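Participant: next comes the sequence, and after it the predicted model I'd like to discuss.
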Amino acid sequence: MSRNEAEALGPEAIRALRGEQSRAAFARQLGVTPLTVYRWELPQAAAQARRPRGRVMEALRQLSEGGQPALHSLPRPSSSLFRQDVSREERARLSPCLTLLQRADWRTAEDTLLGLLTSGALRTPAARALAAGGLAYVYRWGFEDARRAFTVLLPHLDEAEAGSLPDAAAAHVHAMAANLFASPDGRIFDAGKVNVHVARAEALLGPHVFSSGEVRCHLRVAELAAAFYLGTPELIIRQYGRLEEALMGVADPTLRLLASDGVAHETAFRGEASLATRRFRETAQAAARVGYAFLEARNLGFLAQRRLDEACEPDEALGLVRRAREVAWSGQLPRGLSFVFAARAEADALMRLGRFAEAEAVLDQAEAVTEELRWTPHHLVGQRARLLYLTGRYADIRELAARISRYDGPVQQPLTRAYGCFAEALADWAEGHVQRAAEGYASAHARALEVGGWPYLRRDSLIGEVGTRAAAFQLPEARAALRRARSMLEQFPSAWHTALLHRQEGLLLVREGRWREAREKLEASLATFSLAGDQPEAALTRRTLALTARALGEAGTETSLAQSEEELRRYGVTPPLDFNADLPPAQEAPAPEATPRLGAESLVVPFERLAVRGMGAPLIQRELVAVLEGLFPGRAPRLEELDSQGRATPLLGEADVLANEWVEFGDGCGRRLRVGVAGPLPADGRALLSALARLAGFALEVAVLRGFAHAEPPLREPESAPEVPGFIAASPAMRKLKTELAGLSGSRATVIVTGESGSGKEVVARALHQLSARAERPYVAFNCAAVPRELFEGQLFGHRRGAYTGAATDHPGVIRTAHGGTLFLDEIGELPLEVQPKLLRFLENGEIFPLGETRPAHVDVRVIAATHRDLGQLVREGRFREDLYYRLQVVPVHVPPLRERREDIIALARHFVNQLSPEGREPPQLGPDALAALVAHSWPGNVRELRNVIERSLAFGSLPAVLGADRLRIIG
Ligand SMILES: Nc1ncnc2c1ncn2[C@@H]1O[C@H](COP(=O)(O)OP(=O)(O)OP(=O)(O)O)[C@@H](O)[C@H]1O
């Protein structure tokens, strides 16, 4: 290379070549570190200044000639990069710290790292950042203290953002930051920032970054935690399996433990309850072996809750929580959200033993922690409300409800309000306002669904709704709630909740006049509560049972009633209102006509047939019907699937014979089925039908567990996505999209809608608004491509009169106009570069600076952006800011092109024909040839093109009765 060329690439030339790119981006392009670029740009005389040499110089020269650097000819980044950035001495000092972290020896690691950072022994920025990252790791994962961790990491995060750290160190810092922003602490938690830092770290990761497998695993841990704390099931589902996959490349034992904790939660969320229990147990045990107190305690708390759901003895759960307290929370570690979860299990266990005062003290402690963390109080509402209910403090439940509904903290606000609604319903129920209580439970359920599906609140609300609807004599509604509650319990099983549901069902059966079946349910409830060691609830069920027996005119009921009430008094439980007290005494239907008795031996062969392993679901269903045909000849057995409203879809059997003896059952994955025969059946015939249906239910569940049937547990009932007027979604892809939109309706998360031009992005945005809790507030659409650059900022953020030439009046700006509602930013890719940081700021903290105003304005707006362009490409071209890009990607929604969802074509065409036909005239039918032509076309202009075709066909000539293919004139 000539001397001239070398001189041409002095600091100035390099800065010019870099242009608007960050040092990190420029360095990545050349395969060097940002520090190297920084040194190239120093004045030649500076001590640290360097000049590019060799193949890097060659690449720079290609760049300066307008070409792309031939990256393959550059030295591949290698682990030596780390050697360059951190001196040999520093490495020797840092490496033992890594070992300490891997051994979960937090105290020594803290001492050593603090010593290194304060002694001045680490001089390079990379070494200091790595040490600080390690210390933050100690605080976050060793001591569950995200705030302290943050303070340590923050200065280095700034360096990483500024591009002044080498890639490897910056990747580590971003990964740690992602984990901190995913911490359950109301002052810190920010899912958008998690996204940003995950993306930054990922962009920097490469084979040259030491322990990149570990960093990736950390990123997955952060993403999963953020999804959980944000509480959006769609986001959680998106993470399924990713953490486990990332774990495969990890050797670090501490990190493996941390990740297995996340995997256990994911398993629980998927409804694989027993596997989740096993994972919590294994993680707790493994953490105990290495002396990792925080993780042991945390998993013991979850294990205790799982065991309570599985109906273990409360003493066992208390033992688990006691151990958790011993290892972590008797002064050793600060109390974070893990403490709250453990305390919740503890309070639950204590209440089962009737130790209400102790339970209350535990709940008080836990509540103090949530307040300190500025975290949502909803985790404790269920336990607190139940405690108040059992001890007869109904006014306090109302007070609790009001307090929860007022919660205005930063996390899961709508969900917390839904819990408030739940507590209010309980207060109504306790005071006998059954109708209002039923509505309250229904509304808590609906809100939980709206804000992302929350299964546990839905389960509890549905159980409450069964009893209250029954008490209010709304029997079909009670049945519908029962069906949905059972389906929820199959996906999120809990023996204790099943016992509660049985009791509610008992109440419903009484109201339906089916007293004997009610007794059976109540006995089942009693047995399960006793199994779960819940003495007060068992006593309550015993009392209900005694009341039922009394109504049936049985002898000795007064004694058992008195005994159960005495037992309740001993525990300090106030007996609730007896909702059946005003019913007339039971009058059971006469015994059906005598038919031959069915003995136990008649069960053997049917059981054998149904219990054959290896059958898939369709075979089991057929076998069930065949078995019933054999057992009940001439009674035309049928099998049907039910939706939550009780609407039946026939699956098997003769549809034209009336079946009137039905038994409902579940397939263990949320589907409700029913099997019926023409009745009436004798009592033992009905018992046999029930037994076979149950067995078939188990067989179906086993088939699913063994992988003989495909079962994606439905996360919400299929009818949960309500209709949106004018939004056509006939294809499976669009129906799924609509369900997703309904799931997102309660969150404020920014949504980005992508899809080809004319595919319906704006329609999707509008539907999302209409489905959301903001539906009654403004929806404002703003097309970024339609506004001249110079007016852009004023139009978006508002301006005062005279703020710039031409601003003749005050303008509130579209953001303020949308306050409380939704802002749709169409063609976001056209957003001028200079406006992008301002929009980013608004997305991050809801603050805008209108032109000409001195103070920022706070606005509550949910932003939906849309683009038909490849934003990633715009980022690479430097036309769209990377940070804004990641900020927008919190919830991406893709609208497929029309050619990929042909099932929508006819539905859309009919919709447009109806919409565009002149008013007062009968819209024409689409002829068969027209339908065929519509379906055959490839629709490059998507739905817009389809709309235009229909519009054109209606515009010319008189309106025919049938629109034929000739009138459509599809072009192309
Ligand atoms: N699912 C749908 N149901 C009813 N109408 C639809 C649907 N999808 C699209 N349309 C109609 O098709 C036309 C184009 O839709 P829209 O403007 O939402 O597309 P877009 O993807 O935002 O287009 P662009 O990228 O050009 O802005 C509109 O008239 C809209 O009403």
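Facilitator: Ah, there it is.

Participant: over to the residue of the stretch 301-450 of the chain found nearest the ligand: give its phi and psi.
Facilitator: In the stretch 301-450 of the chain, the residue that lies nearest the ligand is E450 (21.3 Å; Cβ to the nearest ligand atom). The C-beta positions use only the backbone N, C-alpha and C, and glycine is treated the same way. As for E450, its main-chain torsions (degrees, to the nearest 10) stand at phi -60, psi -40.

Participant: what sits against it?
Facilitator: E450 makes contact with 414, 742, 745-746, 772-773, according to Cβ atoms under 8 Å, 6 or more residues apart in numbering.

Participant: these into CSV, with extra columns for secondary structure and distance to W141?
Facilitator: Output for the contacts of E450, formatted as CSV (DSSP: H, G, I helix; E, B strand; the rest coil; distance: Cβ to Cβ, whole Å):
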residue, secondary structure, distance to W141
P414, helix, 30
A742, helix, 36
S745, coil, 34
G746, coil, 31
S772, coil, 36
A773, coil, 36
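
Participant: show me which pair in those residues is furthest apart.
Facilitator: P414 and A742 (13.8 Å; Cβ to Cβ).

Participant: give me the more crowded residue out of the two.
Facilitator: Neighbours per residue (other Cβ atoms under 10 Å) separate P414 from A742, with A742 holding more: 22 against 19.

Participant: was I right to think the more buried one contacts L771?
Facilitator: Yes - under the criterion of Cβ atoms under 8 Å, A742 makes contact with L771 at 5.1 Å.

Participant: so A222 sits against A178, correct?
Facilitator: Yes - because the distance of 3.9 Å satisfies Cβ under 8 Å, A222 is recorded as touching A178.

Participant: overlap in contacts, these two.
Facilitator: 194, 197-198.

Participant: Q21: which of the residues you listed is nearest?
Facilitator: H197 (19.9 Å).

Participant: now for the closest one: which residues touch it?
Facilitator: Residues in contact with H197 (Cβ under 8 Å, 6+ apart) are 174-175, 177-178, 181, 222.

Participant: tell me the SS of it?
Facilitator: helix (DSSP: H, G, I helix; E, B strand; the rest coil).

Participant: what about the residue lying closest to it once chain neighbours are set aside, neighbour count?
Facilitator: Excluding its sequence neighbours, the residue lying closest to H197 (Cβ to Cβ, 6 or more residues apart in numbering) is A178, at 3.9 Å. Applying other Cβ under 10 Å, we find 28 residues neighbouring A178.

Participant: right, and A178 touches V198 too?
Facilitator: Yes - using Cβ under 8 Å, A178 makes contact with V198 at a distance of 4.8 Å.

Participant: need the residues touching each of the two.
Facilitator: 219, 222-223.

Participant: mind telling me what element L363 is part of?
Facilitator: According to DSSP states H and E, L363 maps onto helix 356-373.

Participant: mind checking how far that helix is from the chain centre?
Facilitator: 26 Å (Cα atoms, centre = their mean, to the nearest Å).

Participant: ok, then the element right after that helix?
Facilitator: Heading C-terminal from helix 356-373 (DSSP H and E), you reach helix 381-390.

Participant: past that next one, which element shows up next along the chain?
Facilitator: helix 394-405.

Participant: distance from the chain centre to that following helix, please.
Facilitator: 27 Å.

Participant: thank you kindly, that will do.
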